[in-house]
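Undergrad: no FASTA, just this:
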């Protein structure tokens, strides 16, 4: 049974990876050097083929230009935050910014509409709304530009497997019609 990806490419379940793959970021053992990563968690590739890696254990975002042998820290890199003002929030960093702007949360850990608890993944739609899988609150929040509070778009009724519940949501994607898809980790 072929699997169908969002780009309508058919991938047969017995397909094999070609052996001509290349490493485009990291590949120099686990570490905190500018040419190393430590538990990379997410990535994004822009139109110029620049790769941005969420380097989880180094608490940073690293930019890797095409064919580069090392990356450049574009956000974080100063160790794990410990203050309530540093955690449980989503920040937007424009090129060249060092501080970033809080777009969601930032009011300590909690379950109010202006708080997040262990935000896990984000998705930005074409209207620049940010969707966040709010793992600790078992919900997905939509953060509209300029709003002071988020909107619960999935879950939010406590942990569970009911139709209005999620259990440790991780990945989140929104299609062009506005349908929200959630990787609901705790519900297998």
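TA: Perfect, I can see it now. Computed from a predicted structure; not experimentally measured.
Undergrad: residue 67 versus the most centrally placed residue in the chain, what's the distance?
TA: The centre of the chain sits closest to residue 121, judged by C-alpha atoms, centre = their mean, with a distance of 3.2 Å. In this view, residue 121 and residue 67 are 28 Å apart by C-beta to C-beta, to the nearest Å. No exception for glycine: its C-beta is placed from N, CA and C like everyone else's.
Undergrad: how does the protein divide into domains?
TA: Listed domain ranges for the chain are 25-80, 95-188 (source: automatic domain parsing).
Undergrad: tell me, which of these is the model least confident about?
TA: Mean pLDDT is lowest for domain 25-80 out of the domains of the chain, coming in at a mean of 80.
Undergrad: let's have the domains of the chain in TSV, adding distance to residue 88.
TA: Compiled in TSV, these are given as follows (distance: least, C-beta to C-beta, whole Å):
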stretch	distance to residue 88
domain 25-80	13
domain 95-188	4
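Undergrad: those domains: which one's closest to residue 89?
TA: Residue 89 sits nearest to domain 95-188 of all the domains of the chain, at 3.7 Å, using C-beta to C-beta.
Undergrad: tell me which residues touch residue 155, please.
TA: 137-140, 164-166, 169, 182 (C-beta atoms under 8 Å, 6 or more residues apart in numbering).
Undergrad: ok, which of the domains of the chain comes nearest residue 87?
TA: Of the domains of the chain, the one closest to residue 87 (C-beta to C-beta) turns out to be domain 95-188, at 7.0 Å.
Undergrad: can you map out the strands along the chain?
TA: 3-4, 10-11, 40-45, 51-55, 60-64, 72-76, 89-92, 101-105, 119-124, 130-134, 139-143, 151-155, 169-174, 180-184 (DSSP state E).
Undergrad: tell me which strands the last one pairs with, and in which orientation.
TA: I take that to be strand 180-184. Take DSSP bridges as the rule and strand 180-184 pairs in its sheet with strand 169-174 (antiparallel).
Undergrad: flag every buried residue along the partner strand.
TA: 169, 172, 174 (16 or more other C-beta atoms under 10 Å).
Undergrad: what does stretch 144-164 give?
TA: Those would be 150, 152-156, 159, for stretch 144-164 by 16+ other C-beta under 10 Å.
Undergrad: from start to finish, how long is it in a straight line?
TA: With C-alpha to C-alpha, to the nearest Å as the measure, stretch 144-164 spans 22 Å from end to end.
Undergrad: ok, stretch 160-180 next?
TA: Where stretch 160-180 begins and where it ends lie 18 Å apart, using C-alpha to C-alpha.
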